[in-house]
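Chemist: Quick one, what's the 3D model for this:
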Amino acid sequence: MSLKDFNRTNDLFSLCGLNCGLCGYRLQGHCNGCFKDSFCAKSCSMDPCSVKHGNIQYCFECPEYPCKHYDGFDSYDTLVLHRNQRRDMQKAKEIGMDAYHAEQREKKKILEQLLESYDDGSKIEFFCLAVNRLDLEILREILLQINAKCLNVPPHEKAIRAEKMLCEYYEQQ
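Modeler: Predicted coordinates:
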């Protein structure tokens, strides 16, 4: 088997557990996901592993998961959101991919609303990280509060208030 046998069908949730639909790097057009012709797929050590194990779509489907590929993998965040990979993989496994995707689509809508209404041009990475890290129920509540507290507020002040409220909720967890 070779990488030409690698085949992904999901562009929101990667093989290794990255929430691609919530990734600022991807939203800015710097990543086209882990599809077989992409740079990421060609350089990823997990893609050949997927092929070796029957072209599994998610690492949690593998009997060897979690394996050495995950050693230290979720101990940091960059533009790519690593910190919640194991948590998100476990949740997807527990509730099923359909339910997980429904949550991710709603999170993506919240992210899009934050970016459209509260980004002053400098908050994309922050909003992506916040939406990825916070639970959906909390995000719904925060968004209602942000919307209520930011009526008739200048755009830059909206961005500052939204960031502050998201930080406060994250610190309470």
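Chemist: what mean pLDDT does the longest helix along the chain have?
Modeler: When the chain is parsed with DSSP state H, its longest helix is helix 97-118. Regarding helix 97-118, the rounded mean pLDDT is 94.
Chemist: can you give me the offset of stretch 123-130 from its chain's centre?
Modeler: 11 Å (Cα atoms, centre = their mean, to the nearest Å).
Chemist: The longest helix of the chain packs against which elements?
Modeler: Packing partners of helix 97-118 (3 or more Cβ pairs under 8 Å, 6 or more residues apart in numbering; DSSP states H and E): helix 85-95, helix 124-133, helix 136-149, helix 155-172. Just so you know, the C-beta spots here come from the backbone N, C-alpha and C atoms, and that holds for glycine as well.
Chemist: List the buried residues in stretch 144-152.
Modeler: 146, 150 (16 or more other Cβ atoms under 10 Å).
Chemist: how much distance is there from that stretch to the middle of the chain?
Modeler: 25 Å.
Chemist: Just the CA atoms of that stretch, as PDB, please.
Modeler: Provided in PDB are the C-alpha atoms of stretch 144-152 (Å, rounded to 0.1, in the frame of the first residue of the first chain):
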ATOM      1  CA  LEU A 144     -25.900  35.700  23.700                       C
ATOM      2  CA  GLN A 145     -24.100  37.800  26.300                       C
ATOM      3  CA  ILE A 146     -21.700  39.300  23.800                       C
ATOM      4  CA  ASN A 147     -24.500  40.200  21.500                       C
ATOM      5  CA  ALA A 148     -26.500  41.900  24.300                       C
ATOM      6  CA  LYS A 149     -23.500  43.800  25.700                       C
ATOM      7  CA  CYS A 150     -22.100  45.000  22.300                       C
ATOM      8  CA  LEU A 151     -25.100  46.800  20.900                       C
ATOM      9  CA  ASN A 152     -24.200  50.200  19.500                       C
END
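Chemist: which stretches of this protein have low pLDDT?
Modeler: In the predicted model of the chain, residues 1-6, 35-43, 74-81 satisfy pLDDT under 70.
Chemist: can you name the farthest residue from the center of it?
Modeler: What lies farthest from the middle of the chain is residue 152; by Cα atoms, centre = their mean that is 30.9 Å.
Chemist: Residue 138 and residue 172 touch, don't they?
Modeler: No - counting by Cβ atoms under 8 Å, residue 138 stays clear of residue 172, with 9.1 Å between them.
Chemist: More neighbours: which of those two?
Modeler: residue 138 (16 against 7; other Cβ atoms under 10 Å).
Chemist: May I have the residues that are in contact with that one?
Modeler: 169, 173 (Cβ atoms under 8 Å, 6 or more residues apart in numbering).
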